[in-house]
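Trainee: Give me coordinates for this.
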Amino acid sequence: MSLDILKGLATTLKNIGRKPTTISYPEEERELPARFRGRHVLHRYDNELERCVGCYLCAGACPADAIYIEADENTDENRVSPGERYAKVFDVNMLRCIFCGYCQAACPTGAITLENDYKLASFYPENMVYHKEQLLEPKGQATRGSAEVWADPAPTEAEQPVPTNSGIFDGSQASAAAVGLGTMETQRSVLIENEEQDEDRRTL
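Mentor: Residues are numbered from 1 along each chain as shown. Got it, this is the predicted structure:
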């Protein structure tokens, strides 16, 4: 009996008493790690407003060009998000997505995260384009998702009042300078100031 065969038998005998590393899917499912990247989820704030402000940063950061967004303006009658705009259309093409997490890292409001849903198989390619209605959290079920796991809180000495006190921008405290978007109050104050300046110029 050759030495190679003896080595092979030794490996077999060494592992014969071990439990199998495979699982019987779908009867059994493996416990996923906290930072697993599965299907995207669009999150809400506790007041049910959408976190997404239609800034296109996630679409710009996506190396596979898998995200398509159309933004629309918020109004007092139809306020969807706390910003000036919201995502009227938000599509993610799962056939193109490489689940890199760049969209999650780029989002300034924590609106999009990759969660634990990995059962995405379909017989039809058109079913692999997920629309906003499929990605958005239902009202009354606001979560932070995996954003809490991925982003560590800032040290106490590094905490800043703007844009946040938690180390992660969550929309709780923000200025126009912090996120590049004005709040309704800020916009009104700027308009009033501009009108006063115009009036002063007319009187001169």
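
Trainee: what stretches of this structure score poorly on pLDDT?
Mentor: Filtered on pLDDT under 70, the chain yields the residue ranges 1, 152-194, 204.

Trainee: wait, what's in contact with residue 112?
Mentor: 40, 41, 42, 43, 52, 58, 103, 104, 135 (CB atoms under 8 Å, 6 or more residues apart in numbering). Where you see a C-beta, it was placed from the backbone N, CA and C, and this is true even at glycine.

Trainee: nearest residue to the second one other than its sequence neighbours?
Mentor: Put plainly, it is residue 41. Of all residues not flanking residue 41 in the chain, residue 115 sits nearest, at 4.8 Å (CB to CB, 6 or more residues apart in numbering).

Trainee: pretty sure that neighbour contacts residue 42?
Mentor: No: with contacts counted by CB atoms under 8 Å, residue 115 stays clear of residue 42, the gap being 10.6 Å.

Trainee: More neighbours: which of those two?
Mentor: residue 42 (22 against 17; other CB atoms under 10 Å).

Trainee: one step back: now for the residue nearest to residue 41: which residues touch it?
Mentor: Residue 115 sits in contact with 38, 39, 40, 41, 145, 146, where contact means CB under 8 Å, 6+ apart.

Trainee: Could you pick out which of these are located in strands?
Mentor: 40, 41 (DSSP state E).

Trainee: Neighbours of the residue nearest to residue 51 when sequence neighbours are not counted, how many?
Mentor: Leaving out its chain neighbours, the residue that sits closest to residue 51 by CB to CB, 6+ apart is residue 111, at 3.6 Å. Look at residue 111: counted by other CB under 10 Å, it has 28 neighbours.

Trainee: what's near enough to touch residue 111?
Mentor: If you count contacts by CB under 8 Å, 6+ apart, then residue 111 has 42, 43, 50, 51, 52, 53, 58 around it.

Trainee: quick one, phi/psi of the residue positioned nearest the centre of the chain?
Mentor: Computing the C-alpha centroid of the chain and ranking residues by CA atoms, centre = their mean puts residue 112 first, at 1.6 Å. Dihedral pair for residue 112: phi -130, psi 130, per degrees, to the nearest 10.

Trainee: now residue 87
Mentor: Per degrees, to the nearest 10, the backbone of residue 87 is at phi -90, psi 110.

Trainee: what about it, distance to residue 132?
Mentor: From residue 87 across to residue 132, the span is 6 Å (CB to CB, to the nearest Å).

Trainee: where do the contact lists of these two overlap?
Mentor: Listed as contacting both residue 87 and residue 132 by CB under 8 Å, 6+ apart are residue 42.
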